[in-house]
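1. The sequence isn't on hand, but the structure is:
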């Protein structure tokens, strides 16, 4: 029975990894399920041989159990983080009055926002329409393989799709991470008369908001308010898994 469950889990994990990989997504949130699926599939295929290997010596049985325990603890830690980030963030209609709206970057391709970034921009446009007094800021440098900054592409999208006046926007075009998004956008907002102690909306994908808000506070945003944009269904599992490693890296680097 355990062998059958392992084989089924391996197939699910391979599907969760291969589908977005075929769509051109390449990151840990894709590679990890593929790797786990391959290992699980191999173990299911060679189940009798693996059990025979474990039976030869006590240390091998302990190693086998320790590997499963380590996997269980990792799954629990992933579940804990997902519980922390699930449901975080407000809808545009529920956001209290803010002085500024900051849209965090998420990747561009061929001069256009990727689907996740487009969803962030659509969400920000809804909020900007509800709160026209707020300064709208977009932030992001030049992505790998692109010729134009993410900030410029975001501003053009908001202007063309939602009719936002480009002259009213703050456009930051150098940053390459969430930390730099917020670090370099802060002074630009201050130059437009925004006090970072005021409530400021941080618009990002739902899975990214928890980390983004931690970083925002460390960058001097005293009252950041998370506004959640949805995640494309095709990549939802994978980007949530990728965020696990991003949070661990961010914590290790002391970004918040």
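-> Perfect, I can see it now. It should be emphasised that the depicted structure is a prediction, and the values quoted were computed from it without experimental measurement.
2. Tell me the predicted confidence for the residue minimising distance to the centre of the chain.
-> Nearest to the mean C-alpha position of the chain, counting by CA atoms, centre = their mean, stands residue 208 at 4.1 Å. Residue 208 is assigned 95 on the pLDDT scale.
3. would you say it is within a helix?
-> Yes. Inclusion of residue 208 in a helix is indicated when DSSP: H, G, I helix; E, B strand; the rest coil is applied.
4. Residue 171 is in what secondary structure piece?
-> strand 169-172 (DSSP states H and E).
5. just residue 26 next, same as before
-> Per DSSP H and E, there is no helix or strand for residue 26.
6. tally of neighbours for it?
-> 10 (other CB atoms under 10 Å). To be clear about C-beta, it is placed using only N, CA and C from the backbone, and glycine gets the same treatment.
7. how near is it to residue 110?
-> 17 Å (CB to CB, to the nearest Å).
8. Repeat that for residue 89.
-> For residue 89 relative to residue 110 (CB to CB), the value is 29 Å.
9. Residue 83 too?
-> From residue 83 to residue 110 the distance is 37 Å (CB to CB).
10. just checking, what's the longest helix in this structure?
-> In the chain, with assignment by DSSP state H, the single longest helix is helix 58-85.
11. Which strands and helices lie in contact with the helix or strand just after that one?
-> Downstream of helix 58-85, the next assigned helix or strand under DSSP H and E is strand 100-104. Counting contacts by 3 or more CB pairs under 8 Å, 6 or more residues apart in numbering; DSSP states H and E, strand 100-104 packs against helix 115-130, strand 135-139, helix 178-191, strand 199-205.
12. Take the ones you listed and lay them out in CSV including mean neighbour count and distance to residue 255.
-> Listed next are these as CSV, based on neighbours: other CB atoms under 10 Å; distance: least, CB to CB, whole Å:
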stretch, mean neighbour count, distance to residue 255
helix 115-130, 21, 20
strand 135-139, 26, 16
helix 178-191, 20, 5
strand 199-205, 26, 15
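13. Can you lay out those as a markdown table showing distance to residue 104 and mean pLDDT?
-> Shown next, in a markdown table, are the helices and strands packed on strand 100-104 (distance: least, CB to CB, whole Å; pLDDT from 0 to 100):
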| stretch | distance to residue 104 | mean pLDDT |
| --- | --- | --- |
| helix 115-130 | 7 | 96 |
| strand 135-139 | 6 | 98 |
| helix 178-191 | 5 | 96 |
| strand 199-205 | 4 | 97 |
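14. Columns distance to residue 51 on top of these, output as CSV?
-> As requested, the helices and strands packed on strand 100-104 are exported to CSV (distance: least, CB to CB, whole Å):
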stretch, distance to residue 51
helix 115-130, 43
strand 135-139, 54
helix 178-191, 46
strand 199-205, 43
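15. what sits up against whichever helix or strand residue 247 is part of?
-> According to DSSP H and E, residue 247 maps onto helix 236-252. The contact list for helix 236-252 (CB atoms under 8 Å, 6 or more residues apart in numbering) reads 16-17, 20, 25, 27-30, 32-33, 77-78, 81-82, 85, 116, 178-179, 205, 207-208, 210-211, 214-215, 231, 256.
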